[in-house]
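**Q** below: sequence and its predicted model.
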Amino acid sequence: MVEKAAVSKFEVRELSVRFGGSGVLRALTLDIHEHEILGVIGPANSGKTTFLRALNRLSDLNPRMTFSGSIRLDGVDINRGMTSEALRRRVGMIFALPMPLPLSIYENIAFGPRRKGIRDRKTLNALVEESLRAAFLWDEVKDRLKTPATKLSGGQQQRLCIARALAVKPEVILFDEPCSGLDPVSTAKVEETMLQLKERYTIVLVTNNTKQAARVATRTAFFLMGELVELDATHKIFTTPADKRTDDYISGKFG
Amino acid sequence: MRMSNVHVREKIAFGVLFCVTLFVLTPVVIVLWIIFKNGLPALNWEFLTQMPTDGMRGGGIFPAILGTFYLVVGATLFSLPLGIFAAIYLSEYARENALTRLINLAIVNLSGVPSVVYGLFGFSLFVVFLKFGVSIVAGSLTLAIMNLPVIITATREALKGVPGYFREVSLSLGASRWQTVRHGVLPFALPGILTGTILSIARAAGETAPILFTVAAFYIPHLPKSVFDQTMALPYHLYIIATQIPNIPVSYRYGTALVLILMVLILNLSAIVVRSRFRKKYKW
């Protein structure tokens, strides 16, 4: 099932997450390979987003969150072996809705690098251009970097958020239903961007749109009620899934 | 028949609400009109910049203006950092537990304490116990403590108004918690914080009771030389010339009131300007 050549970026072992009394993830064990797009699909309340937020420890923000098990990034436990800031610089995140800060396009991209202590104008300029190019937004905004980011269209805003995450130089990028608020054309652009980014980054894509996973994911994981039902190469999941529940979900029988 | 009934009721409701609103406005307008009408003749350069003469029946009210200015600046210096930092702690760091609930309760109660009680408190703590004497420091600190709950509440509301996703975005980009507060939240809460703060300062400028025992002087023939000196102040000066000194020209009393009201109005206006400036800058 696991391809031999693949190098694991994340190793998740027996991860259980609870919010107060209710368990949201149960004994989750899986690997995320370097330079793959791991699609995560499943109905509402299946724990997809909780899983994603555990990977960059945004789940820490909820004071009622408790967990057991471990997540390793390149062999180092992310909860015990590093600070959350160091982790999040290596593991960027794109949220469901485009969330530009009410700053200029330039300042949105420079936000992360500035927090790392980068002050030099030239370095920042170069980073901003590089990140916007990598997110395929440079040509559309290069003449108006000083204008408010909130003036961009929804699709542009989401690519701005991708550029903003890239500017921190992460190794992994988490996408949390990145196209849920976008029209088909913008969605196609974001998906195109993801496929390009795969060459240099490891990507985890949580999506409610199973077709999106089929289009871009290298491997796909199916979550149900906080458990991993099945994880396999995307074409296998969508053609010959091993578990009947996976088959039922992707053929639209529930969820 | 039924339709017109609804229509009539609608008109009555509108009329009543409009009249009530208008009624709220009238006292403000009348007060301002009386003060402007009677006070404006007294306003001139000498009145604003000279020491009082003839047992305060002539000359100017400069020491009172200066004193109020010192007190407002002093109170702001003390209360602004304290209030803003406390509010940041409470809304961005503190977790919900017995201690934070107690602090919240204390803040709510503090804002309900009558100002004369603040005056007595300031007198016993700053003037007597800490031996600052009746002085600008003691008065400023007393006003500062009176301002704290207002500033804390305004700041917390402003911080709460910044959407939660700003924090998540900032944290997800590797910013620390303090960096997130400093760069991802505070700039966007600033208009609300400044508005609340300036309004509280305006209130402090007009308070009489807290400065009565802690700083205000009946009459001093010279300007304060240090922060440990007493000073005259506009609200107290107004009280004195209105009640303690006979045969004073009416225009002097109203002129003093007018200067005080203008100071407060200017502060309030600047709060509005600041707010609209920032609103345009940070829109989401």
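**A** Looks like it came in fine.

**Q** make it CA atoms for all contacts and neighbour counts henceforth
**A** OK.

**Q** low-scoring stretches of the chain, by residue?
**A** Using chain A here. A:1-5, A:254-255 (pLDDT under 70).

**Q** should've been chain B
**A** For chain B, the stretches flagged by pLDDT under 70 are B:1-3, B:283-284.

**Q** in it, which residue sits nearest chain A?
**A** residue B:174 (4.6 Å; CA to the nearest CA).

**Q** and that residue, how many neighbours?
**A** Neighbour count for residue B:174, taken as other CA atoms under 10 Å in any protein chain shown: 29.

**Q** okay, now residue 199: neighbour count?
**A** Picked chain A for this. 13.

**Q** sorry, should have said chain B
**A** Residue B:199 is flanked by 23 other residues according to other CA under 10 Å.

**Q** what segments of chain B are strands?
**A** For chain B, applying DSSP state E gives strands covering B:52-53, B:58-59.

**Q** packing partners of the first one?
**A** Translated: strand B:52-53. Applying 3 or more CA pairs under 8 Å, 6 or more residues apart in numbering or on different chains; DSSP states H and E, one finds that strand B:52-53 contacts strand B:58-59.

**Q** ok, how many other residues are close to residue A:172?
**A** 30.

**Q** ok, now which ones touch residue B:78?
**A** Residue B:78 makes contact with B:140, B:141, B:144, according to CA atoms under 8 Å, 6 or more residues apart in numbering or on different chains.

**Q** can you list the residues you listed in a markdown table and add neighbour count?
**A** Below are those laid out as a markdown table (neighbours: other CA atoms under 10 Å in any protein chain shown):
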| residue | neighbour count |
| --- | --- |
| B:140 | 29 |
| B:141 | 23 |
| B:144 | 27 |
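
**Q** the residues you listed also near chain A: which ones?
**A** On the criterion CA under 8 Å from any CA of the partner chain, none of the entries of those sits beside chain A.

**Q** which members of those residues are positioned in helices?
**A** B:140, B:141, B:144 (DSSP state H).

**Q** excluding its backbone neighbours, what's nearest the first one?
**A** This means residue B:140. residue B:75 (4.4 Å; CA to CA, 6 or more residues apart in numbering or on different chains).

**Q** quick check: that neighbour vs residue B:203, distance?
**A** 11 Å (CA to CA, to the nearest Å).

**Q** ok, now residue A:224?
**A** In terms of CA to CA, residue A:224 sits 59 Å off from residue B:203.

**Q** out of those two, which sits in the busier spot?
**A** Between residue A:224 and residue B:203, residue A:224 has the larger neighbour count (other CA under 10 Å), namely 22 against 17.

**Q** show me the contacts for the more buried one.
**A** Counted by CA under 8 Å, 6+ apart, residue A:224 has contacts A:42, A:43, A:45, A:46, A:47.

**Q** burial of the residue nearest to residue B:140, as a residue count?
**A** 27.

**Q** can you name the residues of the stretch 51-200 of chain B sitting close to chain A?
**A** B:165, B:166, B:168, B:169, B:170, B:171, B:172, B:173, B:174, B:175, B:176, B:179.

**Q** top of those residues by neighbour count?
**A** Neighbour-wise, these (other CA under 10 Å) top out at residue B:173, 32 neighbours.

**Q** which residues does that residue contact?
**A** A:88, A:89, A:92, A:93, A:111, A:112, A:165, A:168.

**Q** at 6 Å instead, please
**A** Counting by CA atoms under 6 Å, 6 or more residues apart in numbering or on different chains, residue B:173 touches residue A:112.

**Q** what does chain A put close to chain B?
**A** Within chain A, the residues that sit near chain B (CA under 6 Å from any CA of the partner chain) are A:85, A:88, A:89, A:102, A:112, A:115.

**Q** quick revisit: right, and the residue of chain B closest to chain A touches residue A:88 too?
**A** Yes: when contacts are counted by CA atoms under 6 Å, residue B:174 is listed as touching residue A:88 (4.8 Å).

**Q** grab the nearest non-local neighbour of residue A:156.
**A** Using CA to CA, 6+ apart, the closest residue to residue A:156 is residue A:137 (7.1 Å).

**Q** now the one you found: phi and psi?
**A** phi -120, psi -10 (degrees, to the nearest 10).

**Q** any idea how far it lies from residue A:105?
**A** 11 Å.
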